[in-house]
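Participant: My questions concern the predicted model and sequence given below.
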Amino acid sequence: MSLRPYLTAFGLQWKIGLRYRIAVVAGLVAQMWFGAVTLMAYASVYHAAPDVQAPLSLRQAMTYTWIQQSLFTLLPLGCLPAIGDAARTGAIVYDLMRPVDMWNWWLSASLARLLGNAVPRAVLLACVAGPLAMLVGLGAWSLAGPASLISAALALLSITLGALLSATIVMWWNILTARTLSPLGSYAVGTPLAVLLSGMLLPLPLYPDWIRPFLLAQPFAGITDIPIRIYLGTPIPGGVTTGLGLQIFWLTALTFLGRLWMRQTVNRLEVQGA
Amino acid sequence: MQTPPSRSDAITVSSLRKTYRIREGGSWRGKTRDIVALDGISFSVPKGQIAGFIGPNGAGKSTAIKILSGILRPTSGEVQVNGLVPWTNRIAHVARIGVVFGQRTQLWWDLSVSEGLALLRDIYGVEPERFARNRARLADALDLGEIMDQSVRQLSLGQRMRAEIAASLIHDPDILILDEPTIGLDAPSKLAVRAFVHELCRDRGTTVLLTTHDMHDIEALAERVIVIGHGRILADSPFEDLRTTTLSERILELDFHDTPPALTLPAGAHETARELHSLTITFDPRQIPAPALVAHIGHLPGLDDLRISRPSIDEIITRFYADHAA
């Protein structure tokens, strides 16, 4: 089996992701805005209750928020747009007609699209919220550095797993789209789930004690929450190994079940027609 | 297994059946009903032939095309394309066929034609030299020079269809399946597509299965036409045979500079329309050959002009469908 088609699918979607430069700038402005509002909210809450022992310090909550904002487009908000279009126009039959493994083919494209969107935004936002904010005297509000060099290295590994995990969840939205022949359902389900469960809306470590273990154990925590905790050096129950282990577990489980679901979906399309 | 497929057949289909199960009433607990799309069809297409595959809407054409393309599994029956069963050897099968669905696009809207072709090169694993050769040949034959670097989104329908056809042939398939390749095209684009398909078959020996509602495509291209209706094959013959068996009559139109006179016509001919200065006579050439009829009419007073024509291919096929209640 040649890797070539999958690399090409990756390269193509990466390029499409990069093509929307204005969207990158617009997204950056929106994310700076939401980031700043969130930070001010945290600042007032933390200052109003100085005695409460929060799981994250104010500085950590700010850094958590900046990283979340910069990785917004890494979240599995819905299906790959190209698959949504193909489902709507019926061109999806051509996808069934290519001499490739459909899971790997769609997965490479989905991963590339996430990265093509997220990487430029993340780099830009990190520059603005990090060094630039410090230079203009907003150091107290800026993105702080990693807890240590080892945390930085582990966080990089963890965010790589997080990107793969996100692409795998996008695959589930892709299959849903292929089944319903419309991308709408995937967005209706995907966006709220991803925003809420990834910690984008509120950092997962700040939820009440009783619910925190469940939030950590669900797959969306593996996309950005676990990498950020490793970066910050905040304790994860069971340690970094548990964090990485959870990511690998969900990656494996969702790939295995997703491939089964995909086979069943393709069978159904082959029996009932697309 | 029935008779083994002949070695020179590119496509063999025998007793192919497909039923769809549909739910009635919309509710997911509603009753189900089976709809028969293909009711046991058999045919074969020898290598290098252009076969027309026609029938009214809902006749089962698309179902058959999808089965041959490997994206639909039949309920029963046997199919071999290039010696492979499409739905069991999907990946090997699809690598050796090219398919154009006229109403859907296989190129990528966000990419230029040339980027799309390069992507297909990688999907099908076409070697660089062969790709360069095919690309140059297709660009020349389909006149893609100017649109190569335009994104597919910006192309007109005619330009896009030419690009689609190139996309379906970049990996040198032995068999090309065209599903309404001329739909919506203007006359010059239709002629270009037809000329290209004709050359492809002549120069490269590609087998072509063509479905269309444009009977002129069939007349221009197909050596043979398979007519399908209600999931069955109604006719499978050269188009000329269909003409003689269905609607062999001719039409004689007479123009006068005055009111047409009353006529006595020989057996096999009858008047079908009379207007202020013209007369239309329909006749069966098997009963009264055209020269005899013209001689019989002879030197009618006031006759200015006369024309003999055959019914159009559309009239023939409409009559054929009506005769078979298709």
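Facilitator: Cool, the structure landed.
Participant: quick one: secondary structure of residue B:35?
Facilitator: State at residue B:35, reduced to three classes by DSSP: H, G, I helix; E, B strand; the rest coil: strand.
Participant: Where do the domain boundaries of chain B fall?
Facilitator: B:9-244, B:248-310 (automatic domain parsing).
Participant: and residue 98, how many neighbours does it have?
Facilitator: Because you didn't say which chain, this covers chain A. 19 (other Cβ atoms under 10 Å in any protein chain shown). From N, CA and C alone the C-beta is placed, and that goes for glycine too.
Participant: Let me rephrase: I mean chain B.
Facilitator: Residue B:98 - counted by other Cβ under 10 Å - has 26 other residues nearby.
Participant: Is there proximity between the helix or strand where it lies and chain A?
Facilitator: In this structure, residue B:98 is located in strand B:97-101 according to DSSP states H and E. Yes - residues of strand B:97-101 are located near chain A by Cβ under 8 Å from any Cβ of the partner chain, namely B:99, B:101.
Participant: out of the domains of chain B, deepest packed?
Facilitator: Across the domains of chain B, the average number of neighbours (mean count of other Cβ atoms under 10 Å in any protein chain shown) peaks for domain B:9-244, which reaches a mean of 18.
Participant: chain center to that one, what's the gap?
Facilitator: 10 Å (Cα atoms, centre = their mean, to the nearest Å).
Participant: related to what we said a few turns ago, out of the domains of chain B, nearest to residue A:50?
Facilitator: When the domains of chain B are compared for distance to residue A:50 using Cβ to Cβ, the nearest one is domain B:9-244, at 52.6 Å.
Participant: end to end, how far does the closest one reach?
Facilitator: Domain B:9-244 stretches 27 Å from its first residue to its last (Cα to Cα, to the nearest Å).
Participant: try stretch A:72-80
Facilitator: The first residue of stretch A:72-80 is 15 Å away from its last residue (Cα to Cα).
Participant: in chain A, which ranges drop under the pLDDT threshold?
Facilitator: Low-confidence segments of chain A, defined by pLDDT under 70: A:1, A:273-274.
Participant: What ranges does the stretch 1-150 of chain A have for its helices?
Facilitator: When assigned using DSSP state H, counting those that start in this stretch, the helices of the stretch 1-150 of chain A occupy the ranges A:4-19, A:21-48, A:58-70, A:81-89, A:92-95, A:102-127, A:133-135, A:149-180.
Participant: Single out the most deeply packed of these.
Facilitator: Highest mean neighbour count among the helices of the stretch 1-150 of chain A (mean count of other Cβ under 10 Å): helix A:58-70, with a mean of 23.
Participant: and the angle from that one to helix A:149-180?
Facilitator: Orientation of helix A:58-70 against helix A:149-180 (axes from the mean of the first three to the mean of the last three Cα atoms, to 10 degrees) gives an angle of 40 degrees.
Participant: Please tell me how far helix A:58-70 is from the chain's geometric centre.
Facilitator: On Cα atoms, centre = their mean, the centre of helix A:58-70 falls 15 Å from the chain's centre.
Participant: same thing with stretch A:13-26?
Facilitator: Per Cα atoms, centre = their mean, the displacement of stretch A:13-26 from the mean C-alpha position of its chain is 17 Å.
Participant: Over to stretch B:247-260?
Facilitator: 32 Å.
Participant: tell me the contacts of the nearest residue to residue A:111 once chain neighbours are set aside?
Facilitator: For residue A:111, the nearest residue in space outside its immediate sequence neighbours is residue A:167; the separation is 3.8 Å by Cβ to Cβ, 6 or more residues apart in numbering or on different chains. Counting by Cβ atoms under 8 Å, 6 or more residues apart in numbering or on different chains, residue A:167 touches A:76, A:107, A:110-111, A:114.
Participant: Ok, residue B:288 next?
Facilitator: Counting by Cβ under 8 Å, 6+ apart, residue B:288 makes contact with B:266-269, B:296.
Participant: helix, strand or coil for it?
Facilitator: Here residue B:288 takes the coil state, with states given by three-state DSSP.
Participant: For the closest residue to it other than its chain neighbours, what are phi and psi?
Facilitator: The spatially closest residue to residue B:288, leaving aside those adjacent along the chain, is residue B:268, at 4.0 Å (Cβ to Cβ, 6+ apart). Dihedral angles phi and psi of residue B:268 (degrees, to the nearest 10) take the values phi 90, psi -10.
Participant: doesn't residue B:287 make contact with residue B:268?
Facilitator: Yes - at 2.7 Å, residue B:268 and residue B:287 qualify as touching, with contact defined as Cβ atoms under 8 Å.
Participant: hmm, which helix or strand of chain B has the shakiest average pLDDT?
Facilitator: Using mean pLDDT, DSSP states H and E, the weakest-scoring helix or strand in chain B turns out to be helix B:239-246, at a mean of 81.
Participant: coming back round to it: mind giving me JSON lines with the helices of the stretch 1-150 of chain A and columns for distance to residue B:95?
Facilitator: Putting the helices of the stretch 1-150 of chain A into JSON lines (distance: least, Cβ to Cβ, whole Å) gives the following:
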{"stretch": "helix A:4-19", "distance to residue B:95": "11"}
{"stretch": "helix A:21-48", "distance to residue B:95": "37"}
{"stretch": "helix A:58-70", "distance to residue B:95": "42"}
{"stretch": "helix A:81-89", "distance to residue B:95": "20"}
{"stretch": "helix A:92-95", "distance to residue B:95": "14"}
{"stretch": "helix A:102-127", "distance to residue B:95": "14"}
{"stretch": "helix A:133-135", "distance to residue B:95": "54"}
{"stretch": "helix A:149-180", "distance to residue B:95": "22"}
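Participant: what does the stretch 101-250 of chain B have sitting close to chain A?
Facilitator: Contact residues of the stretch 101-250 of chain B with respect to chain A, defined by Cβ under 8 Å from any Cβ, are listed as B:101, B:103-106, B:108-111, B:115, B:118-119, B:122-125.
Participant: Can you pull the residues of chain A lying near chain B?
Facilitator: Those residues of chain A that sit near chain B, judged by Cβ under 8 Å from any Cβ, are A:2, A:4-5, A:7-9, A:12, A:16, A:19, A:82, A:85, A:89-91, A:93-94, A:96-100, A:269-274.
Participant: Recalculate using a threshold of 10 Å.
Facilitator: Within chain A, the residues that sit near chain B (Cβ under 10 Å from any Cβ of the partner chain) are A:2-9, A:11-13, A:15-16, A:19, A:81-82, A:85-86, A:89-101, A:105, A:266-267, A:269-274.
Participant: what lines up beside whichever strand or helix holds residue B:270 in the sheet?
Facilitator: Here residue B:270 sits within strand B:269-274, counting by DSSP H and E. Note on strand B:269-274: by DSSP bridges, its sheet partners are strand B:278-283 (antiparallel).
Participant: coming back round to it: need the max-distance pair from the contacts of residue A:167.
Facilitator: When the contacts of residue A:167 are compared pair by pair using Cβ to Cβ, the two farthest from each other are A:76 and A:107, 12.1 Å apart.
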